[in-house]
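> I'd like to go over a predicted model; first the sequence, then the structure.
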Amino acid sequence: METQEQAGDGSERASDTAAPGQRLGEAFRARLNELFAAAERRGKRITNREVVLWMNHHGYAIKDAYLSQLRSGRAASPSLKIIEGLSAYFDVDSSTLLSADSSPGLNELLNEHGVRSIATRAAGLSQENIDAIARLLDRFREAEKLPPVSTDEADVP
């Protein structure tokens with residue numbers, strides 16, 4: 001495949017320099033970790049061990065070390081059976097883990113009950129009102145004993 005650098009403009013696209021499968025492997029790792037983080041935002045901390053036990057009990061053979069490697073990026077090519085098992089555990093479509101879309105958590109967050117409706121209502125409001133709504137939501141999270149949302153998580157692209 002000809003890169004832009006080879007074409008003579010001096011720039012090179014990252015997708016042209018990535019090893020085969022690397023971009024999808026990185027997207028898979030990000031999606032998998034986002035599913036763990038989304039559960040924690042809902043107040044449920046999930047461990048690798050818990051996922052491994054559930055998967056093995058439901059016929060999706062996986063070892064603790066392999067799940068850890070998938071989450072860290074040291075392993076990046078899970079079998080379809082492992083992808084199916086992870087999707088079943090997190091109750092998401094397998095395509096969620098396989099999409100190379102750049103915003104892994106946004107659609108998952110928006111699809112939670114009522115979140116898209118709140119976002120739609122906030123569209124067009126002043127930054128001052130958006131900030132006030134965010135502070136109010138932080139208070140509701142605190143009242144429901146949910147973990148706070150970090151600045152990085154709040155700015156999901």
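It's in.

> which parts of the chain are helices?
4-7, 14-17, 22-41, 48-57, 64-72, 80-90, 94-98, 106-111, 115-122, 127-143, 151-154 (DSSP state H).

> check those for me: which has the lowest mean pLDDT.
The weakest mean pLDDT among these belongs to helix 4-7, with a mean of 40.

> give me the most central residue, the protein.
Geometric centre of the chain, nearest residue: residue 34, 2.8 Å, by C-alpha atoms, centre = their mean.

> what about that one, distance to residue 127?
According to C-beta to C-beta, to the nearest Å, residue 34 stands 26 Å off from residue 127. From N, CA and C alone the C-beta is placed, and that goes for glycine too.

> residue 79: neighbouring residues, count only.
The number of residues packed around residue 79, counting by other C-beta atoms under 10 Å, is 11.

> now it, what are its backbone angles?
Residue 79 adopts backbone torsions of phi -70, psi 160, taken as degrees, to the nearest 10.
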